[in-house]
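S.K.: Fold the following and give me the result.
(one chain, ligands or ions: 1)
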Amino acid sequence: MKLYISLFLFILGSVVGSFLGCMGYRIPNKIKTTFPPSFCSECNKKLKWYMNIPIVSYIFLGGKCAYCKKPIGFIYFFTEILCAFLFVLNNLLYGFSINFFISTILSCVLIVTIVSDFLYYYISDRVLIISVIAIIVTLYAFTGANEVLKAIINGALMFGIMYAIKLLGNFIFKRESLGDGDIKLMGVISLAIGVMNSFCALFLASVIGLIYSLFISKINKDGIIPFGPFLLIGGMLSIYFSEFFAHIFHVLI
Ligand SMILES: [Zn+2]
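M.R.: The predicted structure is shown next:
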């Protein structure tokens with residue numbers, strides 16, 4: 001049974017990942033999310049249904065547009081596979097409990113943000129608002145109104161802390177230290193996982209971001225690092241390893 005559920009979630013995750021990757025491209029480029037139907041961004045030709053099957057079409061077409069033979073971004077193939085993998089992983093770890101829904105919502109935000117932040121340095125407000133609604137509905141369904149209220153306070157608190165860090169950073173470095181998108185995103189992550197876990201997420205994101213910047217600095221000279229995906233990866237790792245981090249906190253404090 002578990003195998004069938006995993007197979008179903010893999011297919012669902014790849015379809016959702018394909019849609020979200022597409023949103024990550026369309027929203028920063030101001031293209032409507034519902035119209036036009038899928039098209040090649042190079043030659044603008046409308047894609048036939050069989051050119052649009054998540055994961056499969058990319059392999060089948062050899063990573064190239066069937067019309068103009070220009071390469072299709074590997075990032076879209078990657079996000080389809082990643083989304084499918086995360087849907088399955090979240091279910092194997094948590095069944096269909098609250099943690100499944102929270103980690104899957106963050107996974108979905110991650111998929112859009114990987115495309116929009118890596119390619120266009122853009123974190124969509126619309127995506128954040130939808131994720132806030134999804135998180136609040138999930139918390140309300142599993143834990144009730146009191147926990148929702150606590151979560152909203154957690155989100156607002158983290159937003160305030162991040163905003164203060166930004167002001168301090170701007171003052172010290174005399175330049176924009178943190179993007180507004182990153183600050184809002186940390187508010188959303190804290191709404192989902194609480195303030196303490198968010199600090200964990202921030203720490204992990206900084207470590208991963210630092211490793212990434214060392215690795216990428218040879219290629220990318222403009223020095224801008226899209227931080228959003230790292231914050232979300234940090235947030236998800238904080239959920240996956242919450243018991244481990246809780247133990248560390250317990251020992252430290
Ligand atoms: Zn084309």
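
S.K.: Packing partners of whatever helix or strand residue 199 lives in?
M.R.: Assigned by DSSP states H and E, residue 199 belongs to helix 195-216. On a contact count with 3 or more CB pairs under 8 Å, 6 or more residues apart in numbering; DSSP states H and E, helix 195-216 meets helix 145-173, helix 180-193, helix 228-240, helix 242-252. Bear in mind the C-beta positions are built from the backbone N, C-alpha and C, glycine included.

S.K.: Need the contact partners of it.
M.R.: 154, 157-158, 186, 189-190, 193, 225, 227, 230-231, 233-235, 237-239, 242, 245, 249 (CB atoms under 8 Å, 6 or more residues apart in numbering).

S.K.: CA atoms of it as PDB?
M.R.: The C-alpha trace of helix 195-216 is given here as PDB (Å, rounded to 0.1, in the frame of the first residue of the first chain):
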ATOM      1  CA  VAL A 195      10.900  31.100  16.200                       C
ATOM      2  CA  MET A 196      13.500  28.700  17.700                       C
ATOM      3  CA  ASN A 197      13.400  26.400  14.700                       C
ATOM      4  CA  SER A 198      13.600  29.500  12.500                       C
ATOM      5  CA  PHE A 199      16.900  30.400  14.100                       C
ATOM      6  CA  CYS A 200      18.100  26.900  13.300                       C
ATOM      7  CA  ALA A 201      16.900  27.500   9.700                       C
ATOM      8  CA  LEU A 202      18.700  30.800   9.500                       C
ATOM      9  CA  PHE A 203      21.900  29.300  10.800                       C
ATOM     10  CA  LEU A 204      21.700  26.300   8.400                       C
ATOM     11  CA  ALA A 205      20.800  28.700   5.500                       C
ATOM     12  CA  SER A 206      23.900  30.800   6.300                       C
ATOM     13  CA  VAL A 207      26.200  27.800   6.300                       C
ATOM     14  CA  ILE A 208      24.800  26.400   3.100                       C
ATOM     15  CA  GLY A 209      24.800  29.900   1.500                       C
ATOM     16  CA  LEU A 210      28.400  30.400   2.500                       C
ATOM     17  CA  ILE A 211      29.500  27.100   1.000                       C
ATOM     18  CA  TYR A 212      27.500  27.900  -2.200                       C
ATOM     19  CA  SER A 213      29.100  31.400  -2.400                       C
ATOM     20  CA  LEU A 214      32.600  30.000  -2.100                       C
ATOM     21  CA  PHE A 215      31.700  27.400  -4.800                       C
ATOM     22  CA  ILE A 216      30.000  29.900  -7.100                       C
END
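
S.K.: pLDDT on it, on average?
M.R.: Here helix 195-216 scores 91 as its mean pLDDT.

S.K.: tell me the domain boundaries of the protein?
M.R.: By the record's domain assignment, the chain is partitioned as 1-94, 97-253 (automatic domain parsing).

S.K.: so of those domains, which one's packed in deepest?
M.R.: domain 97-253 (a mean of 18; mean count of other CB atoms under 10 Å).
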